[in-house]
Each structure stands twice: as C-alpha cells, then as structure tokens.
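Asker: Here's a sequence, model it:
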Amino acid sequence: MSPKASESPSEEPTHELVPLEPDDTWDGPSGTMRLTGTDEVALTFDDGPSPSWTPKVLNTLAEWDVKATFCVVGKEAKAYPELVQDIVNQGHTLCNHSWNHEYELGSLSAPEIRKNLERTNEAILEAVPGAYIGYYRQPGGQWTNRVVGVSMKMGMIPLHWSVDPSDWDKSVKAGHIEKEVRGATDAGAIVLMHDGGGDRGRTYSALEPILSDLTSRFALVPLP
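Answerer: Predicted structure coming up:
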C-alpha cells in the first residue's frame, strides 16, 4: 500500500514517528490519503468506540474474517478502554479521530491541533500501551492544510475516503447504505462507515450483505 512510514518489524510501535512526506497517491482534500494504493479495499469505522455498536461490528467482521480500521474519538477511548483493547486484539488498525469529534479543529492554531491529537493518542495508549496509531482522520472531512501538516509531523497519515454511503445521516436506510457501498466500491477504495456517534443500527444491518458482496470481489484489509 502507498503510505510511507518506515518501521522495522522488530521495533516497538509508537504513535510518535518521524515526520511524513506526502505520497504521490494522496489525492484527497488538502493532500490526504483517499485510496489504498493497491487493488485491496479498506473498510473504516468512525466515531467509536461505542458499547452499543462496536462489539456488534467486531463480531460481524470476525465472522467474515475481515480486518478493518477504526477511527476512534479520544473521549470515547477514555470511557471505553476495553473496546479499544478488543479492536487491537482482533487485529484491526487504529486511527486518531480527534478528542471530541471537533469539526472545526483544523481552523485552530497548530499547537492547539497538536494538543488535541496528542490527548487522543494518550487515551488510546492508556488503553493499549504501545499501540500503533499511524493515521488521523478529520471529523466531517473538514480538512485544512494546517491539520494535515500537524498530523504528518506527528507521523500520522491524514486519512480520507473514496466511498461515503452517508450512514451518518439519520434519514438514510440500511438498504441505501448497502447499495451505495456495493455500487461505489472499486479496487483501492477506502470505505467510510460508523460504529459510534449515535444509533448505528442501519450500518450494522447493512454490514453483513456488504461483506458478502465485497469479499467476493476484493481483498479487504486493514490499513497497514
């Protein structure tokens, strides 16, 4: 896959890596990662962990032997550290999704942004010491050059998406979520879905048919 952050397999993972350089495949807003860079597809789940929905999503993924990437909110990681542990123990990748899902974080000063992302990483690491946190996703996709720059200086790849079924919209039904993901996903896609931040029953209902379809067409992988 395309992200470049050198790490020896023998080294202990850390959230504070060397600053990253932009990759030529990062063609999302403000130079963010929008595709995996291979034929593999990555499912991502935002706004958790949620005691109501994260365990259900994890169980369904396990039934299909699929690994994904979870973009966790620091406040929720602090409240439910056991769920962060479950995510890591089951082989999924972690992504920083800000402390309290701050849409306007990118408009703040660089020191304020860094403090927010560091606080979130600290909450994750309290739950899972030594966890690898190689990605940052801006809430609502409201990227700015400043928040992209801070995340990269902290060694986290700014992670966008190429498929958004709008499962965050309360008016969207499970059938629409399934149809959008199945129809819009091509090789290399990064798919946005949610396991927290509200009632995710529609996402959960759509997940199994989505996995049935996508696993028949692609290799589904966690971001590296």
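
Asker: switch to C-alpha atoms for all contacts and neighbour counts from now on
Answerer: Fine.

Asker: and T93, how many neighbours?
Answerer: When neighbours are counted by other Cα atoms under 10 Å, T93 registers 23.

Asker: For the closest residue to it other than its chain neighbours, give the beta-bridge partners.
Answerer: Among residues not flanking T93 along the chain, T69 sits closest, at 4.5 Å (Cα to Cα, 6 or more residues apart in numbering). Per DSSP bridges, the residues bridged to T69 are T44, T93.

Asker: As a check, name the ranges of all helices in this protein.
Answerer: 54-63, 74-79, 81-89, 110-127, 145-153, 174-184, 201-215 (DSSP state H).

Asker: Now do the longest one against helix 81-89, angle only.
Answerer: Put plainly, it is helix 110-127. 80 degrees (axes from the mean of the first three to the mean of the last three Cα atoms, to 10 degrees).

Asker: Pretty sure R114 sits against M152.
Answerer: No: under the criterion of Cα atoms under 8 Å, R114 is not in contact with M152, lying 10.6 Å apart.

Asker: center of this protein, which residue is that?
Answerer: Ranked by distance to the mean C-alpha position of the chain (Cα atoms, centre = their mean), the top residue is C71 at 3.4 Å.

Asker: so what's E208 closest to, chain neighbours aside?
Answerer: Going by Cα to Cα, 6+ apart, E208 has T60 as its nearest residue, at 6.9 Å.

Asker: Just give me the neighbour total for that neighbour.
Answerer: Applying other Cα under 10 Å, we find 16 residues neighbouring T60.

Asker: Next: D213.
Answerer: D213 has 14 nearby residues by other Cα under 10 Å.

Asker: Next, the contact list for it, please.
Answerer: R182 (Cα atoms under 8 Å, 6 or more residues apart in numbering).
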